[in-house]
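A.B. asks: A predicted structure for the sequence below; I have some questions about it.
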Amino acid sequence: MSHSTSSVALAQIGQYYRAMGGVLAKGAQHAKDRGVDEQTYLNWRLAPDMFTLTRQVQLASDFGVRGMSRLAGVEPVSLPDTETTFMELQARLAKAWEIVSGLDAEAMAADPDGEITFPAGRDQTMTLPRGVYACNMIVPNVGFHAAMSYAILRHLGVPLGKRDFMGG
């Protein structure tokens, strides 16, 4: 059986989003059980120069939506960064998955050796082969921000394990 790079990327993104939804649910419950304002958890960061939990979730959803939209040849949907609760972050992930899973699979898989140019920092762009873009940019960025979300909540004492991160 043969799989396109984009179909593998889509499956991985879906797994990350589902796992993040479960991790966030456990984080919300942990805060509630301990009588901690959820803003404490949502604004936590592992180091002063790292993003907060809220921003990590926003970025994970953005990398998936924007990256896979580019692969499908459509203008990426912009999700506003307005979430202030665990529930809103979970809804954002669900919306991101709805967008990504609704993209045209054939368009995403088309021309895997063709090039794609994308924003890469302030006033910069980068060009990569489409398959490399999916495997070396989109998926690792979603995975990184999913891992940071997990790590922040684990650091706060939320009882999480590898199965939670893997979405199992």
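C.D. replies: Good, I have the coordinates.

A.B. asks: give me the pLDDT value at R18.
C.D. replies: Predicted confidence (pLDDT) for R18: 97.

A.B. asks: that one contacts G167, correct?
C.D. replies: Yes: between R18 and G167 there is a contact under Cβ atoms under 8 Å: 4.6 Å. For glycine as for every other residue, the C-beta is placed from the backbone atoms N, C-alpha and C.

A.B. asks: which stretches of this protein form helices?
C.D. replies: For the chain, applying DSSP state H gives helices covering 5-34, 38-42, 53-72, 86-101, 105-109, 130-133, 139-155, 162-166.

A.B. asks: nearest to E115, out of these?
C.D. replies: helix 130-133 (6.9 Å; Cβ to Cβ).

A.B. asks: give the residue farthest from the middle of this protein.
C.D. replies: Most distant residue from the mean C-alpha position of the chain: G35, 28.1 Å away (Cα atoms, centre = their mean).

A.B. asks: can you pull the pLDDT of it?
C.D. replies: 98.

A.B. asks: so which residue is dead centre in the protein?
C.D. replies: Short answer for the chain (Cα atoms, centre = their mean): A60, at 2.3 Å.

A.B. asks: rewinding a little: Throw the helices of the chain into a markdown table and include distance to E115, thanks.
C.D. replies: A markdown table is the format used below for the helices of the chain (distance: least, Cβ to Cβ, whole Å):
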| stretch | distance to E115 |
| --- | --- |
| helix 5-34 | 14 |
| helix 38-42 | 38 |
| helix 53-72 | 11 |
| helix 86-101 | 21 |
| helix 105-109 | 15 |
| helix 130-133 | 7 |
| helix 139-155 | 18 |
| helix 162-166 | 33 |
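
A.B. asks: need the winner for burial among the ones you listed.
C.D. replies: With neighbours taken as mean count of other Cβ atoms under 10 Å, these reach their highest mean count in helix 53-72, at a mean of 24.

A.B. asks: and that helix, what's its mean pLDDT?
C.D. replies: Per-residue scores along helix 53-72 average to 97.

A.B. asks: packing partners for it?
C.D. replies: Judged by 3 or more Cβ pairs under 8 Å, 6 or more residues apart in numbering; DSSP states H and E, helix 53-72 is in contact with helix 5-34, helix 38-42, helix 86-101, helix 105-109, strand 115-119, helix 130-133, helix 139-155.
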